[in-house]
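Engineer: Give me the fold of what follows.
(chains A and B)
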Amino acid sequence: MFSEQRIRGVLFYLSLVAFFAGLPFILSFALGYKLNPRTLKFTQTGLISLKTHPQGARIYLDSKLLDEKTPATIQELLPGVYNIRLELEEHYSWVTQVSVEPRKVVRLEKVILFPVRPNIKQINQGAIASFYIDKDRGRIYYFSQDENAFFVSDMEGEKFERLNNAPEGFTYPLKELKISADREKMAFFNDHQICIVYLNPEKSLLYGQTPLVLNYPNQRISHIFWHSDSYHLLLIMDRNIAIIESSPRTNPINLVNLNKWPGDFIMILIKICFISATFSAARTV
Amino acid sequence: MINNIVRKRTLEIIPGLISWSLIFTLVLLAFINPVACAIIIIVFDFYWIIRTIYLTTLLLMAHHRLYRERLRNWLSDCPKNSLYHLIIFPVYKEGLDILRPSLEALKNCNYPKDKLVVVMAFEERNPQTKDNAKILESEFGKIFRGYLSTFHPDGLPGEKRTKGANATWAAKKAKEFFNSQGIKDDEVIISCFDADTCVDKEYFGCLTYHFLKSPDPHRSSYQPMPVYNNNIWQAPSFARLVEISSSFCQMIESMRLEKFVTFSSHSMSFKTLVDIDYWPVDMVSDDSVIYWKAFLFHKGDYRVVPLYITVSMDVAYADSFFKTIKMQYKQKRRWAWGVENFPFLIDGFINDHEIPLIKKIRRGFHLLESHVTWAIWAVILVLIGPLPIIFGGVFFNQMAIGFNLSKITGLLFNFTLFTSLVWVILSRIILPPRPKGISWWKNIVMIMEWFLVPFIILILGSTPALDAQTHLAFGRYMEFNPTLKSKKVV
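Structural biologist: The predicted structure follows:
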């Protein structure tokens, strides 16, 4: 028992010494100081934090290769300007120059290293005005202003197929393409017009349906969304939010007047959420 | 009189005030001066790493001692003596499923039964007790030298509903029994056990040995190592981990003799107990306050002798996860209510003129520091640690310290995992054999469950202690709230 207490005493004092001896080093490290062993003085330093995607890039600091690979922190750098180069096999190099300030960190933590892809191919020779990628079905929809027509291909750009001609009476350029959930209709719009084009295959009931152009000369269209029933469209305009049917006889149903648009953005978001919820609830019923 | 009340209240406020002041100061600093806050957190983190190494080494030493002495036949090493053992089990609502194993363990221990006197101390206010007492008397009444069932009346003047009040009533009845048998107080060693305590077979041999070998046996308490093995295989992970940690903390404390205080089931000289007028009848933390009472009575010349032998108790758990957390929380808060010893001790020091001042300062500081550290450590490490990074803004996060703070905190976390590994190995060694009907997979579960430690720290690390200190500071005194145990399998 006595010897145990003696060992404990020794351990206690060792711990005490370790704490007080280690504390200056821990604190100086944390604060960005470095002990100069020659002068026994603490020098102010800075550090560089590097994170890349993908990880594992070699780090060159002023052309000198470091042992670490990304993600890494280069500690205890004297203040000054440094050249950083990051290299990873089959990726383009990333180069920058940074100024390290005393007791500060330079964060290069959002570096993306782009892969060198020898097999990149051009999937379309024509002038594409707009496109829509349907990831779920692995298809890409194109609009070519030169040919004034819509096309579809797979994700590799193969199986190119002409879908439909663009309608007359619609003023280009268009703002955005939107495909309905059932992939039977495509909607696109400019500031004052919405156009709906039918993408149906030959055996479909809607085959040959002529495109539909809806005009809103007095309002500016900001966004359109397909509802999940693939029949209704939600329109966000500068003064209101409305719902229309994708039919020539549609009468817009005004849901919300947006007097403060685009000032009170949060309120608008709340309204949109409310409308979506109402929409879904109505659909469920 | 008014001065005494003011002094008492001031002393009661001090621990809570210090703990909350430290927490608020750090939170405030995180907003107004995150660099200063980060420096304090890093110093605390480093202190905690060093402390963890030190305490884990002590745990290894205590564990080694316990392991080394586990097979020793203490009785054969005991000199001839005329000592008797009084064993008191204060009972509240514990049923026969809890009480029977405790008495069975006494029956099976390697010590002459004609030297043991057992008192089952029931509470009169519990209507079930009379029937239980009769059953136990019929089963165990003739095995020992004496077997008494006492019934502590409710609402005696000056008493609160505490375990100490019940134990005191029982000890007085036992004194009458010994006097009637012509046995002197100084020939008796009293052991006050929780109702679920199952002693090791060699416990009384070990206790007698240390009592006889002690240079001043009447100025010592004797503290066995509490383990919670009775139902450890059946208990849910959360409760099991908490109790294993409690056992380990007690083992660590056993190596720090100058700070060692009695806890839970323990033994002492009956003469000393009578001299100091038994347990306080109005305090919840009877197990530790009895030590301080004896310490003050003997003018600081009183100590706790660690016994490297186990007494096994039940892991407290309920039939659902949240009820178990609640039960564990209440139990830990009751333990943390030991902070009431601080005003008791300091008041005793103020009235005493013989204990050396340096001893008063050391013991007073140790007591205060241990309770304050208990109340703040998890809050600082888990909750305040990230605050400077969250609220420090762009300026702080551009600073080297803002960057390194998370790294050093991460280092601490990894280090805690490493020490947890040591604790996992040690916990496996003290674990009783796997009972029949328990799947082999439970072995794996018992190792994997240590990953719950950070969450347990968050819930049961500091909050019960902070809660207890706040109650004491506001004068909202706790009643004794016993942890109800049962041997149900979850």
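Engineer: Phi first, then psi, for residue 149.
Structural biologist: Going with chain A. phi -150, psi 160 (degrees, to the nearest 10).
Engineer: and if you look at the one 3 residues further on?
Structural biologist: Note on A:V152: its backbone torsions stand at phi -140, psi 150 [degrees, to the nearest 10].
Engineer: That one bridge partners, please.
Structural biologist: Residues in a beta bridge with A:V152, per DSSP bridges, are A:Y141, A:E161.
Engineer: Please tell me the pLDDT value assigned to it.
Structural biologist: A:V152 carries a pLDDT score of 84 in this model.
Engineer: Report the contact partners of A:T45.
Structural biologist: Residues counted as contacts of A:T45 (C-beta atoms under 8 Å, 6 or more residues apart in numbering or on different chains) are A:32-34, A:75-79, A:102-103, B:400. Every C-beta, even on glycine, is put in place using the N, C-alpha and C of the backbone.
Engineer: what's the closest of the residues you listed to B:Y291?
Structural biologist: Nearest to B:Y291 among the contacts of A:T45 is A:Y33, at 47.3 Å by C-beta to C-beta.
Engineer: Highest neighbour count among the contacts of A:T45?
Structural biologist: A:G32 (25 neighbours; other C-beta atoms under 10 Å in any protein chain shown).
Engineer: Apart from its neighbours in sequence, what residue is nearest it?
Structural biologist: Spatial nearest neighbour of A:G32, excluding adjacent residues (C-beta to C-beta, 6 or more residues apart in numbering or on different chains): B:A400 at 3.1 Å.
Engineer: which ones are touching the one you found?
Structural biologist: A:30-32, A:45-47, A:103-105.
Engineer: So B:W423: helix, strand or coil?
Structural biologist: helix (DSSP: H, G, I helix; E, B strand; the rest coil).
Engineer: What about it, how many residues nearby?
Structural biologist: Counted with other C-beta under 10 Å, B:W423 comes out at 18.
Engineer: How about A:L174?
Structural biologist: A:L174: 18 neighbours (other C-beta under 10 Å).
Engineer: what's the closest non-adjacent residue to it?
Structural biologist: Spatial nearest neighbour of A:L174, chain neighbours left out: A:F188 (4.5 Å); criterion: C-beta to C-beta, 6+ apart.
Engineer: so what's residue 84 closest to, chain neighbours aside?
Structural biologist: I went with chain A, as the question did not name one. Using C-beta to C-beta, 6+ apart, the nearest residue to A:I84 is A:T96, at 5.3 Å.
Engineer: my question was about chain B
Structural biologist: Closest to B:Y84 by C-beta to C-beta, 6+ apart is B:V188, at 4.9 Å.
Engineer: cool, A:S180 as well?
Structural biologist: A:S230 (3.9 Å).
Engineer: From chain B, how far off is that neighbour?
Structural biologist: 45 Å (C-beta to the nearest C-beta, to the nearest Å).
Engineer: Thought A:I179 was touching that residue, still the case?
Structural biologist: No: in this structure, A:S230 is not within contact of A:I179 by C-beta atoms under 8 Å, at 9.3 Å.
Engineer: which residues are in contact with both of the two?
Structural biologist: Contacts common to A:S230 and A:I179, judged by C-beta under 8 Å, 6+ apart, are A:K185.
Engineer: Of these two, give the one with the bigger neighbour count.
Structural biologist: Taking neighbours as other C-beta under 10 Å, A:S230 and A:I179 compare with A:I179 leading, 21 against 15.
Engineer: Chain B contacts on the stretch 1-150 of chain A?
Structural biologist: A:4-5, A:7-8, A:11-12, A:15, A:18-19, A:22-23, A:26-27, A:29-32, A:45-47, A:49, A:73, A:103-105, A:107 (C-beta under 8 Å from any C-beta of the partner chain).
Engineer: List the contacts of stretch A:170-190.
Structural biologist: A:129-132, A:134, A:137, A:141, A:143, A:145, A:150, A:163, A:191-200, A:204, A:206, A:213, A:221, A:223-226, A:228-231, A:233, A:246.
Engineer: what distance separates the start and the end of it?
Structural biologist: Stretch A:170-190 has an end-to-end distance of 8 Å (C-alpha to C-alpha, to the nearest Å).
Engineer: and what of stretch B:386-401?
Structural biologist: 13 Å.
Engineer: So what's the gap between that stretch and the chain middle?
Structural biologist: Centroid separation for stretch B:386-401 versus its chain: 40 Å, with C-alpha atoms, centre = their mean, to the nearest Å.
Engineer: average pLDDT for it?
Structural biologist: Here stretch B:386-401 scores 87 as its mean pLDDT.
Engineer: in it, what's buried?
Structural biologist: Within stretch B:386-401, the residues that count as buried by 16 or more other C-beta atoms under 10 Å in any protein chain shown are B:387-389, B:392, B:396-401.
Engineer: Helices - which of these land there?
Structural biologist: Among these, the members found in helices (DSSP state H) are B:387-389, B:396-398, B:400-401.
Engineer: quick one: which of the residues you listed is nearest to chain A?
Structural biologist: B:A400 (3.1 Å; C-beta to the nearest C-beta).
Engineer: Which parts of the stretch 101-250 of chain B are strands?
Structural biologist: Ranges of strands in the stretch 101-250 of chain B, per DSSP state E, counting those that start in this stretch, are B:116-123, B:146-152, B:188-192, B:198-199, B:220-227.
Engineer: which other helices and strands contact the second one?
Structural biologist: Read that as strand B:146-152. Under the contact definition 3 or more C-beta pairs under 8 Å, 6 or more residues apart in numbering or on different chains; DSSP states H and E, strand B:146-152 sits against strand B:116-123, helix B:129-140, helix B:163-181.
Engineer: do the same with the first one
Structural biologist: Under the contact criterion of 3+ C-beta pairs under 8 Å, 6+ apart, strand B:116-123 touches strand B:84-90, helix B:96-107, helix B:129-140, strand B:146-152, helix B:163-181.
Engineer: Mind putting those into TSV with mean neighbour count?
Structural biologist: Below are the helices and strands packed on strand B:116-123 laid out as TSV (neighbours: other C-beta atoms under 10 Å in any protein chain shown):
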stretch	mean neighbour count
strand B:84-90	25
helix B:96-107	19
helix B:129-140	16
strand B:146-152	21
helix B:163-181	20
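Engineer: Longest helix in the chain, by number of residues?
Structural biologist: As the question left the chain open, I've gone with chain A. Ranked by residue count and defined by DSSP H, the top helix of chain A is helix A:2-31.
Engineer: I was after chain B.
Structural biologist: Assigned via DSSP H, chain B shows its longest helix as helix B:34-68.
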